[in-house]
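> Need the 3D shape of this:
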Amino acid sequence: MNTPWGPLGKDVYERTYSRRKPDGTMEQWDDTVQRVVAGNIALVSPEHIEEDEPQRLKELLTSFAIIPGGRHLWVGGVEGRTFSFNCHHSGWGERLSDHVGFLMDVLMTGGGSGSNYSNSAIARLLHPLGEVETHFMSHQHEDEAEFAHLLSSPSSAGEVLKVDDSREGWVAALCRLTDLAEDGGGVITFDVTDVRPRGSIIKGFGGTASGPTPLITMLHMVGHILNRQVGKPWTSRGLMNIDHNIAACVIAGNVRRSARMSIKNWADDDIYEFITCKANMRHHWSTNISVEIDDDFHYALAGGNNPEHHQKALDVFECVVDGMIANGEPGFWNKTLASVGETQELCPNPCGEIGLEQWEPCCLGHVNLAYFGEHLSGAAEATRLMARFLLRATFADTADPRQREVVDRNRRIGVGILGYQEWGAAHGLPYSDIPKSEIMAVKLELLASEARRAAEDYAKELEIPAPIKTTCVAPTGSISMLPGVTAGIHPIYSRFMKRRVRYAADDPALERHALAGRHIEDCIYTDNTKVVTFIARDKILDDYDEDLIQQADEISVGDMLKTQAFIQENWADNAVSFTVNIPEDSPRFETASALICYLDQLKGTTIMTDGSRQQAPLERIDRQTYNALSIGDVSQGLDEECSTGACPIK
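Take a look at the predicted model:
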């Protein structure tokens, strides 16, 4: 059968998921489906696979009725360690290297990470006892001008560490630097001779090497941060600066940027510094940020019995609303609600669809509701098979024993949904009316129950714990673009738009886009990245009566948050990733009032004002402008970039 690509689906697939085959040619979609299914099936013994399960999975994947998380598409079935988990929670130990080593490792494998910078989370962290003096040497990179000034002869007073040209080698260099500072300081020379030159092919993960410049820059900057902290307890901002430098260093074969989430508790004394840390979007661009709130916050915000606590909660709330309206940051993360059914404290992953224990990864896959429309039985069978697929995926290799322990204990999975607006339209409902429908609520509950029942039954068969949680809603940006349906539970941003898609600066597809007359410019947030602008008409207009289709600026903030609460209640036992886009002229009091109304029903909340960020993924245009500018481009939904700034995992 012909692959039912969305308008930009084939282009996104070839840019993001197609791998080079042994004969040198690139995969086609059928090849990817075959690889992914075979790799997933092989994770458990054959007796635990239903007779026709592989064939049914291939049929559903080929038609985009189900779509595993992008990480499965990229590395599923690849020989060797697969790094098949999407995102992680980088926890804290007594030594800083426990955290930074884990963070850098998962970012270098193309994953994302969340971290909790609350004062209580970092309280037992050792501070540096002495200053470090960093030097760098190389016998093959002397002519690379960008770091030539940092090269020097090794000091006889210190140690020389030869950096291995591997993920483990880069991580070891960083950990040695932080350990040295904690152990009293000293002189260290990093020999980067063996680090492969910029532009070299990376055979395992894919893409091309960045050369030693990012590593040298990161070690140099982290050394300065450590030296400023000698003899003083760590602050959230200091640790966030280190982690940002790590993320800036990590360009995984020029395939993707780093993706992170940072949270901090509302009651911390330095919470306002955290809330405003991204006021200048060139700072901390590698992370989304959210303020961690709890029942104490809600009680204090409502008045409580302590005037000081009430004022603090009110001030934090107002400050967050100001940030949301200004540039979409920060969001809120509801610790109390997210902790229901959990045994440990959680931190959200970069896009906020799932809360994770320290060191825990997430494991995602999605059911395309747009494919099934009114046909509940087909959607239920797809949901069942997706749950089984993801539970098998928890057997995938992990590099860290701490991670293996928590995966084996929790077996957390995230069966998600996409094509939500089309699903409503297939039932004759505009977007804002779906939460009002008892029938739609019952259907969601039935599908969620099917996911949990399938996971519990399969876990029993496999003799492992049942997943602690099973369902979520991820942003599904690039995933939803493959079939050309709406992302997650988002409505279409606009019927007509400018869509900006990011490419590595050396991506050969850029030449094709230039020949097609598309505007191409440098990304203002990330080096080695280009932004291509497409003139877009949303595909949903081809399939449904336009009178049924609402775009984001035609839906009130209250109806948006009501939709998220509806999905949280009837579908997701994990969380729901959702960004409410509001027009530039939206009254502030409407946003604040809607948040107060729904905040205690949501695990995570993000609001962004249109036009609040340069080079935004989408820019709304009218039909006349579209007709004037269009060169044949057609697109759909949200961009694959997280709308709050940090790039998502594959």
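> What segments of the stretch 1-150 of the chain are strands?
For the stretch 1-150 of the chain, the strands defined by DSSP state E, counting those that start in this stretch cover 66-68, 87-89, 112-116, 132-137.
> and these as CSV, adding mean neighbour count and distance to Thr287?
C-beta coordinates here come from the backbone N, C-alpha and C atoms, glycine included. What follows is these, written out as CSV (neighbours: other C-beta atoms under 10 Å; distance: least, C-beta to C-beta, whole Å):
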stretch, mean neighbour count, distance to Thr287
strand 66-68, 25, 26
strand 87-89, 30, 12
strand 112-116, 29, 8
strand 132-137, 20, 25
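> Looking at those strands, spot the one closest to Asp179.
strand 132-137 (10.0 Å; C-beta to C-beta).
> re the thing from before, with distance to Gln550 and mean pLDDT as added columns, please give the strands of the stretch 1-150 of the chain in TSV.
Output for these, formatted as TSV (distance: least, C-beta to C-beta, whole Å; pLDDT from 0 to 100):
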stretch	distance to Gln550	mean pLDDT
strand 66-68	25	97
strand 87-89	31	95
strand 112-116	31	96
strand 132-137	55	93
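> Among those, which comes closest to Leu444?
The closest of these to Leu444 is strand 66-68. By C-beta to C-beta, the value is 16.6 Å.
> coming back round to it: let me have the strands of the stretch 1-150 of the chain in JSON lines, adding distance to Gly184 as columns.
Output for the strands of the stretch 1-150 of the chain, formatted as JSON lines (distance: least, C-beta to C-beta, whole Å):
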{"stretch": "strand 66-68", "distance to Gly184": "48"}
{"stretch": "strand 87-89", "distance to Gly184": "30"}
{"stretch": "strand 112-116", "distance to Gly184": "26"}
{"stretch": "strand 132-137", "distance to Gly184": "10"}
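> Quick check: phi and psi on the nearest residue to Thr398 once chain neighbours are set aside?
The shortest distance from Thr398 to any non-neighbouring residue, by C-beta to C-beta, 6 or more residues apart in numbering, is to Arg404 (4.7 Å). Backbone geometry at Arg404, expressed as degrees, to the nearest 10, gives phi -60, psi -40.
> any idea how far Arg404 is from Glu360?
Distance of Arg404 to Glu360, computed by C-beta to C-beta, to the nearest Å: 10 Å.
> Of the two, which one has the most company?
Glu360 (28 against 13; other C-beta atoms under 10 Å).
> Run through the residues that contact the more buried one.
88-89, 403, 406-407, 410, 412 (C-beta atoms under 8 Å, 6 or more residues apart in numbering).
> Which pLDDT value goes with Asn245?
In this model, Asn245 is scored at 94, pLDDT.
> Give me the phi and psi for it.
Asn245 adopts backbone torsions of phi -70, psi -30, taken as degrees, to the nearest 10.
> One more: Ala455?
Dihedral angles for Ala455 - degrees, to the nearest 10 - are phi -70, psi -40.
> what's the neighbour count on Ala259?
28.
> looking at it, it is touching Cys87, isn't it?
Yes: counting by C-beta atoms under 8 Å, Ala259 does reach Cys87; the two are 7.2 Å apart.
> and for those two, which residues touch both?
Both Ala259 and Cys87 are contacted by 111-113, 350-351, 649, under the criterion C-beta under 8 Å, 6+ apart.
> Ser210 is nearest to which of the strands of the stretch 1-150 of the chain?
Per C-beta to C-beta, nearest to Ser210 of these: strand 132-137, 15.6 Å.
> helices or strands up against that closest one?
Using 3 or more C-beta pairs under 8 Å, 6 or more residues apart in numbering; DSSP states H and E as the contact test, the elements touching strand 132-137 are helix 167-182, strand 186-191, helix 213-228.
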